[in-house]
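Colleague: sequence isn't available, so here's the structure alone:
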């Protein structure tokens, strides 16, 4: 990580976005998403797969915005956790494609990459999100050792990792006089 760098510590998830079936607006007077009963399947959704997570999305946005800044643009470094699975590999590749430094993304055994299934209602644009934190839930304070806080100029975090890790990040940011 270079001076002037933005350091993002956050979640990375593989997202499955499923627009709600077109008939949902007729299922209730409020156009709410359908509520399946036990054992019932709701059909008619279209599946879209993508990489995401609030932290990964922040890193991508910062990297893409950096191209609009005078040279040299800040280096964007992402620290997170993924499982040693296809979704985790895809997430890392997508971050790297945007020029993000992924040296501090942990690839963990015996846990999947975090996933979210998002139901999006077309008419209202309201959503429902089912999230499995997967590897994100294992990013504990001990995982912060060796991260380059002293080299960063800004730390971005989200409240989607275990609370003790978020608290430790705040303490480390303060110790390094790092804006949070």
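Modeller: Sure thing, it's come through. Quick caveat: nothing in here was measured; it's all calculated off a predicted structure.

Colleague: name the residue closest to the centre of the protein, please.
Modeller: Nearest to the geometric centre of the chain sits residue 53, at 1.7 Å (CA atoms, centre = their mean).

Colleague: isn't that one up against residue 115?
Modeller: No - contact between residue 53 and residue 115 fails when scored by CB atoms under 8 Å: they sit 9.8 Å apart. C-beta: built from backbone N, CA, C; applies to glycine.

Colleague: so residue 161: helix, strand or coil?
Modeller: Under DSSP: H, G, I helix; E, B strand; the rest coil, residue 161 falls in the coil class.

Colleague: can you pull the pLDDT of the residue nearest to it when sequence neighbours are not counted?
Modeller: Once flanking residues are discounted, residue 161 sits nearest to residue 139: 5.2 Å by CB to CB, 6 or more residues apart in numbering. Predicted confidence (pLDDT) at residue 139: the value is 88.

Colleague: could you do residue 100 as well?
Modeller: 91.

Colleague: hang on, it packs against residue 59?
Modeller: Yes - applying CB under 8 Å, one finds residue 100 in contact with residue 59, separated by 5.2 Å.
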